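Trainee: Turn this into a model:
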Amino acid sequence: GINAEYGAFYWENPVVISSVVTAAASGDRTSYTAKGSGYYAGLRCATNLNQPIDANVKSATELTCIFPNKGTAYQFIIIQKSGATVSYSLISTTGSTGTTGRTTTGSTTSSTTTSGSATTGTTGSPYTTVYGSASHVYAWSGAVDRKHPDYIAVIDAMPTSATYRQIVAKAELPSELALNNEPHHMQFVNNNTVVVAGGLLSLLTHPQELFFWDVTNPTRPTFIKAENPPTSSSINDIIALPQGGFIVSIMGAMDGTSPGAVGEWDAKLNFVGEYPPVGERPANSNPHGISLNPELDTLVTSDFLDPASSLLPSTSVLFRNTVRIWKPWSQRRISSTVTIPYASGLTDVKFIPHNKDGLAYTSATVKGGMVIFAINTSNSQASQVFNVSQYFSVNAQRDFLFHYPSADGTRLVFTMSFSGLVAYFDIKDPVKPVLLDSLAFGIQSGIHAIDLSDDSKYIAVSGYLLNEDDFGLIHEDGDRSVHIVQIVDDSLAKTDFNVNMNTAVSYPMRPHMIRFFNTRTTTRPM
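Mentor: Sure, this is the predicted structure:
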């Protein structure tokens, strides 16, 4: 492991599922035989319908689990001793991966095997995914009137489904926690079995601001618990850790002023700690963007704004202009700070996956316009790599950029909130990004949050940034819609997936963060 003092941050040997074969077993049960690698005694397994049981590990490459039939299972899950999970999709998908599926009808289970790139042995599953392996899109949304409950809307993302583009489920909060959270960031953790979501302004109405749901069955989310960090508030971006659990950027102190912190929860969803310790946090530290490079044991965070300064009776927002480097992250300490002169708020920072120099992108409006910077975490230097203002009309005060690199580190998606723009880059040479295409949704459409499908062919975006209504200074609303964009030959095109949360539900809602619910194991950029 990496530094035994921090038990939640260590690595297990990878467990791989190459195929799953199902067969009828005695007593109205189904046998699942998984083949792959890395199997060892002590593994457990589950499905989206069945609770975990001990696996019968036959060898390092094969194990079997037998479950009672409960309906159509579409996900098989192996659980490691640490709590980390690996999942395998049992439903059919289309596209380059061509994975196959199986159908369970009553007590009869058909058996199929998935291998190669061809679709063989499919038994007619009614579930066909198009957006990679995503069966649904989750949208963490807040009521516009702040008098109705906030919740995560679960949207059907399978075009062959009769309920395609409809809200088919909700991840709801207990009534005492449901109002006025200003839903912000959200992430699937523990390999898509749990969703964690934060309320940016929950502290104004109740102390709990981090919410947990079991989404083993994605259309039946079950509320687990709510927590609040002991010494900080204003939850922002959440990163799922490969060994289970997560870390989160927390922008403010307990009262919403400065400084903020980074919080950590383990694979059992237990609180681990906040960093740096109280008393060691830089006074102007308000982490919003956050990104982890496990290969280099390095974390970066970007400081955005002092949360309390955006609320009345304040008359001006205190924007920040610093990126913090935590190297090695296993020590949970800030090692250096990079300042971007004249920047007014660094919304986001993201590592370029597999980059040997540990380069990360951030962006801000500076004297030369809106600029993307590459932060070299090996020498704590920042360099301008792309001037956005030379290509697009930028609103210096109202456009905030959000970044999403592809898992292979060769492409970058970014959004501009006020301008309502999605841009797509080739970043094979990360210090010389090449603009490939862009797509406009319209001025003030609020295009902000991004998720990339697990086949890197589709982009989900949401149309809402932050509106503090009559109690604050920031008023960046949007079209309040969830959109999916297709990538074809490095060009962007709108799809028919466009869900307007003003009308799709019983009262208007603002969707800030969106995520594809992927039915196979996904490596998300960190």
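Trainee: got a list of what Ser233 touches?
Mentor: By Cβ atoms under 8 Å, 6 or more residues apart in numbering, the contact list for Ser233 reads 202-203, 209, 250, 252-256, 307. For the C-beta atoms, the positions are set from N, CA and C on the backbone; glycine is no exception.
Trainee: How about Ile375?
Mentor: 300, 323, 325, 338, 349, 359-362, 381-382.
Trainee: that older thread, quick check: PyMOL command selecting the buried ones in the contacts of Ser233.
Mentor: In PyMOL syntax, the buried subset of those is picked out as below (16 or more other Cβ atoms under 10 Å):
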select buried, resi 202+203+209+250+252+253+256+307
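Trainee: Need the contacts of Ser233 in TSV (columns: secondary structure).
Mentor: TSV is the format used below for the contacts of Ser233 (DSSP: H, G, I helix; E, B strand; the rest coil):
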residue	secondary structure
Ser202	helix
Leu203	helix
Glu209	coil
Ile250	strand
Gly252	strand
Ala253	strand
Met254	coil
Asp255	coil
Gly256	coil
Pro307	helix
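Trainee: Nearest to Ala374, out of the contacts of Ser233: which one, please.
Mentor: For those, the minimum distance to Ala374 (Cβ to Cβ) is 25.8 Å, reached by Ile250.
Trainee: thinking again about what came up before, from the contacts of Ile375, list the buried ones, please.
Mentor: The buried subset of the contacts of Ile375 - by 16+ other Cβ under 10 Å - is 300, 323, 325, 338, 349, 359-362, 382.
Trainee: I'd like to know how many residues surround Tyr370.
Mentor: Slight slip there: residue 370 is Met, not Tyr. Using other Cβ atoms under 10 Å, Met370 has 23 neighbouring residues.
Trainee: From Ala423, how far off is it?
Mentor: Distance, Met370 to Ala423, by Cβ to Cβ, to the nearest Å: 11 Å.
Trainee: related to what we said a few turns ago, now intersect the buried ones among the contacts of Ile375 with the strands, please.
Mentor: Taking DSSP state E, the ones among those that sit in strands are 300, 323, 325, 338, 349, 359-362, 382.
Trainee: Mean confidence (pLDDT) on the helix or strand encompassing His136, please.
Mentor: In the assignment (DSSP states H and E), His136 maps to strand 134-143. In this model, strand 134-143 has a mean pLDDT of 96.
Trainee: next one: stretch 450-464
Mentor: 95.
Trainee: Where does the closest residue to Pro174 other than its chain neighbours sit: helix, strand or coil?
Mentor: Of all residues not flanking Pro174 in the chain, Phe223 sits nearest, at 6.7 Å (Cβ to Cβ, 6 or more residues apart in numbering). For Phe223, the assignment made with three-state DSSP gives strand.
Trainee: ok, what's across the strand from Thr365?
Mentor: Beta-bridge pairing of Thr365 under DSSP bridges involves Met370.
Trainee: Identify the residues contacting it.
Mentor: Residues near Thr365 by Cβ under 8 Å, 6+ apart: 343-344, 371, 394, 396-397, 399.
Trainee: For the stretch 201-350 of the chain, give me the ranges with low pLDDT.
Mentor: For the stretch 201-350 of the chain, no stretch has pLDDT under 70.
Trainee: would you list every one of the strands in it?
Mentor: 210-214, 222-227, 232-240, 246-253, 261-265, 271-275, 287-293, 298-303, 322-326, 336-339, 349-351 (DSSP state E, counting those that start in this stretch).
Trainee: the inter-axis angle of the longest one versus strand 298-303?
Mentor: So the one you mean is strand 232-240. 140 degrees (axes from the mean of the first three to the mean of the last three Cα atoms, to 10 degrees).
Trainee: Going by neighbour count, which residues in strand 232-240 are buried?
Mentor: Quick answer for strand 232-240 (16+ other Cβ under 10 Å): 232-240.
Trainee: Now that Ala374 has come up, it's in contact with Asp429, right?
Mentor: No. The pair Ala374 / Asp429 is not scored as a contact, 10.8 Å apart, by Cβ atoms under 8 Å.
Trainee: Neighbour count: the two, which is higher?
Mentor: Taking neighbours as other Cβ under 10 Å, Ala374 and Asp429 compare with Ala374 leading, 22 against 10.
Trainee: Spell out for me which residue occupies the centre of this protein.
Mentor: Gln187 (3.8 Å; Cα atoms, centre = their mean).
Trainee: Show me what that one is bridged to.
Mentor: So, taking DSSP bridges as the rule, Gln187 has Val196 as bridge partners.
Trainee: thought it was touching Ile239?
Mentor: Yes. Gln187 lies in contact with Ile239 (Cβ under 8 Å); the separation is 6.9 Å.
Trainee: Touching both of the two, which residues are there?
Mentor: With Cβ under 8 Å, 6+ apart as the test, Gln187 and Ile239 both reach Phe246.
Trainee: now, the most widely separated pair of the contacts of Ser233?
Mentor: Using Cβ to Cβ, the contacts of Ser233 reach their maximum pairwise distance at Ser202 and Ala253, which is 14.7 Å.
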